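[1] Can you look at this prediction? I've put the sequence above it.
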Amino acid sequence: MAQKSQRSKTSGLLPDLPLMRYLILTEFEPGEVVYGDALAERVERSLGHSKRLSPGTIYQVLERLADDLLIERVEGYVDDTRNKRRVYYRLSHLAEPKIVKEIEAYESLARRGRRFRERLNGS
């Protein structure tokens, strides 16, 4: 029971994995090749987080996106501005229709949330 209580205290800190998946996908630019840490920084900025996202969370989502063929690992890509060895990714050709579908689903959820908030506020 204590573990469940602890989980409820922290569950609001970061988005759940399906939302992280969406956030990461929407941080790619078409045709862009980018590494995981750069995507994490973009997600952090878009969420306004001052705390760094866990690399385990980011890379878990990136691996799932790659397994689902929504992103591709770019083998042999070298960024001349960096001397570090990194894994780079880009959107696959399958990603765009999926992102559009997910955006529509999240917009629908947002509308439901606004209606609920209005009911709570008595509007």
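    It's in.
[2] can you pull out the helices in the protein?
    Applying DSSP state H to the chain gives helices spanning 2-10, 17-25, 36-47, 55-67, 95-120.
[3] Now do Arg52 against Tyr59, distance only.
    Distance from Arg52 to Tyr59, counting by Cβ to Cβ, to the nearest Å: 14 Å. Every C-beta, even on glycine, is put in place using the N, C-alpha and C of the backbone.
[4] Compare the two (neighbour count), which wins?
    Higher neighbour count among Arg52 and Tyr59: Tyr59, with 15 against 11, using other Cβ atoms under 10 Å.
[5] wait, the more buried one sits on Asp37?
    No. At 9.6 Å, Tyr59 does not count as touching Asp37 under the criterion of Cβ atoms under 8 Å.
[6] pLDDT below threshold where in this protein?
    Within the chain, the segments meeting pLDDT under 70 span 1-15, 49-51, 77-85, 123.
[7] rerun at 90
    By pLDDT under 90, the low-scoring segments of the chain are 1-23, 25-26, 29-31, 35-37, 44-59, 68, 75-87, 93-107, 109-110, 122-123.
[8] Look up the closest residue to Phe28, ignoring the ones flanking it.
    Using Cβ to Cβ, 6 or more residues apart in numbering and skipping residues adjacent in sequence, the residue nearest Phe28 is Leu91, 4.9 Å away.
[9] Is that neighbour in contact with Ala66, as I believe?
    No. Using Cβ under 8 Å, Leu91 makes no contact with Ala66, being 11.1 Å away.
[10] With neighbour numbers in mind, choose between those two.
    The neighbour comparison of Leu91 against Ala66 (other Cβ under 10 Å) goes to Leu91, with 21 against 15.
[11] who touches that one in this structure?
    Leu25, Phe28, Pro30, Gly31, Glu32, Leu70, Ile71, Glu72 (Cβ atoms under 8 Å, 6 or more residues apart in numbering).
[12] Could you check how far Pro18 is from Ala95?
    From Pro18 across to Ala95, the span is 15 Å (Cβ to Cβ).
[13] Could you check which of those two has the larger neighbour count?
    Neighbours were counted for Pro18 and for Ala95 using other Cβ under 10 Å; Ala95 has more, 19 against 13.
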